[in-house]
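1. Here is a sequence together with a model predicted from it:
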Amino acid sequence: MSTSRGSESAGLRWSLSNRQPATLPAAALRREFMEYGEQGICERGNRNHKPSLVCCKPFCGPFENGDPVTGRFVLKIGDHLENAETKRYYTERNFSEVAPRYDFITRVLSFGRDAAWKRTLISLLPSHESPVCVDLACGTGDIAFLLAGKYPRGRIAGVDITEPMLDIARHRNTHPNVSFANQDMGSLDIVSESVDIVTGGYALRNAPDLGTAIDEISRVL
């Protein structure tokens with residue numbers, strides 16, 4: 001029996017082979033962010049913390065190396081940059097933990113500009129009647145949904161390695177031409193030369209291996 005993830009990948013292969021956010025006052029944003037930060041991101045009482053993620057909220061779920069995530073754990077990015085495998089592990093675990101608050105945190109850290117950046121990206125894309133689009137590291141789906149608005153007759157696939165982020169994207173999705181799948185941008189399960197447009201908001205920044213990800217983009221285009 002195939003798993004749901006396997007079914008998603010098969011569906012993505014088939015589809016590709018066939019070729020305003022709400023805003024809060026600045027003071028409210030700062031207040032909520034600081035409250036969340038003290039509870040979940042920054043270790044309480046440690047005002048001179050080094051770059052790390054200290055999580056106190058429980059999360060349970062499997063990762064590629066088989067380790068469950070339960071309770072409090074500490075991630076230091078400096079310990080996970082040695083090779084593509086460890087960076088991938090860091091990225092998946094990090095974004096799985098912050099997924100429920102990812103959109104809010106991104107809005108705060110960009111001073112509310114992230115939505116405008118994404119709209120600008122979409123506005124610069126060429127006109128196309130019904131393109132096949134792939135959004136890499138799609139997260140909670142913002143760019144994929146904007147692509148669906150620009151290309152209502154196109155087919156849009158969002159891919160990400162973080163299942164909790166994809167769960168949020170699927171829950172938000174109201175577009176019949178948008179689908180999401182758990183895939184690594186460095187090893188896409190997509191037919192070569194079957195894609196018209198590839199996007200990625202913060203994708204290359206988080207690529208486990210930048211050269212491999214660029215090679216994959218070139219292969220599928």
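-> That came in fine, so what should we check first? Numbering: from 1, shown residues only.

2. Would you check how far apart residue 134 and residue 108 are?
-> Distance, residue 134 to residue 108, using Cβ to Cβ, to the nearest Å: 28 Å. For glycine as for every other residue, the C-beta is placed from the backbone atoms N, C-alpha and C.

3. higher neighbour count, the two?
-> Remark: of residue 134 and residue 108, residue 134 carries more neighbours, 30 against 20, as counted by other Cβ atoms under 10 Å.

4. Next, the closest residue to residue 221 other than its chain neighbours: phi, psi?
-> The shortest distance from residue 221 to any non-neighbouring residue, by Cβ to Cβ, 6 or more residues apart in numbering, is to residue 195 (5.6 Å). The phi/psi pair for residue 195 (degrees, to the nearest 10) reads phi -120, psi 140.

5. who touches residue 195 in this structure?
-> Contact analysis of residue 195 by Cβ atoms under 8 Å, 6 or more residues apart in numbering lists 16, 132, 133, 134, 220, 221.

6. and the chain, what are its domains?
-> Per automatic domain parsing, the domain ranges recorded for the chain read 26-109, 112-220.

7. what about the last one, how long is it end to end?
-> End-to-end span of domain 112-220 (Cα to Cα, to the nearest Å): 33 Å.

8. Residue 175 touches residue 156, doesn't it?
-> Yes: with contacts counted by Cβ atoms under 8 Å, residue 175 reaches residue 156, the gap being 7.4 Å.

9. Give me the common contacts of these two.
-> residue 148.

10. Just want to know which of these two has more residues nearby.
-> Neighbours were counted for residue 175 and for residue 156 using other Cβ under 10 Å; residue 156 has more, 29 against 15.

11. any weak-confidence spans in the chain?
-> In the prediction, the chain carries residues with pLDDT under 70 at positions 1-81.

12. winner for burial among the domains of the chain?
-> domain 112-220 (a mean of 18; mean count of other Cβ atoms under 10 Å).

13. Does residue 212 touch residue 84 like I think?
-> Yes: using Cβ under 8 Å, residue 212 is in contact with residue 84, at 7.2 Å.

14. Return every residue with contacts to both of these two.
-> residue 186.

15. my guess is residue 134 is in a helix, correct?
-> No: under DSSP: H, G, I helix; E, B strand; the rest coil, residue 134 sits outside any helix and is assigned strand.
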